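1. Build me a structure from this.
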Amino acid sequence: MLASRSVRRGALVIACLIWIAASARVAWQSWQLWHGNWLRVTVGPGLSRDQVRIRWWGQGRRSRLVFDGKRKAAIGNSYGENQFDVRYGHLRAHAGHFKTSWRHLHEYHFHFYLVDDRVRLRVRIDGADAGDSDVAMWARRQ
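-> Residues are numbered from 1 along each chain as shown. Below is the predicted model:
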């Protein structure tokens, strides 16, 4: 009788641990689904993150300031076109990609660097709808 009571107690503990692990995984996946897009902004020597400003908008969505020297807001999940208006000081660039599902999560990497004293931008998107491009920045009209 003692062995069966300790076996039942052990089985209950194991069942509780499995339930906790499964609940934690579901919670993590749900959190990722709603907050899963990541933004990484890096700058090369001679440049400053304080000069960087990034605005995002998805198809049918209002634009949102997601970076202004530091992260300001999350990048939403939006099916279709996802666009970025990127500024470094008075310079400007435009980047975007097409998401084939609103559930796809991505990491957006924006790296600013200098080539011949001109600011360049490398955009790399990791995820289901990945992409990689090197973008020239231009001066916006005053």
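2. OK, contacts around residue 50?
-> residue 69 (CB atoms under 8 Å, 6 or more residues apart in numbering). All C-beta spots, glycine's among them, are computed from the backbone N, C-alpha and C.
3. Could you verify that it is part of a helix?
-> Yes - checked against DSSP: H, G, I helix; E, B strand; the rest coil, residue 50 lies within a helix.
4. Give me the domain ranges for the chain.
-> 1-35, 38-139 (automatic domain parsing).
5. Least reliable of the ones you listed by average pLDDT, please.
-> Here these differ in mean pLDDT, and the lowest is domain 1-35 at a mean of 73.
6. Show the contacting residues for the residue nearest the centre of the chain.
-> Central residue check for the chain by CA atoms, centre = their mean: the C-alpha nearest the mean position is that of residue 38, 1.8 Å away. By CB under 8 Å, 6+ apart, the contact set of residue 38 is 75, 106, 107, 108.
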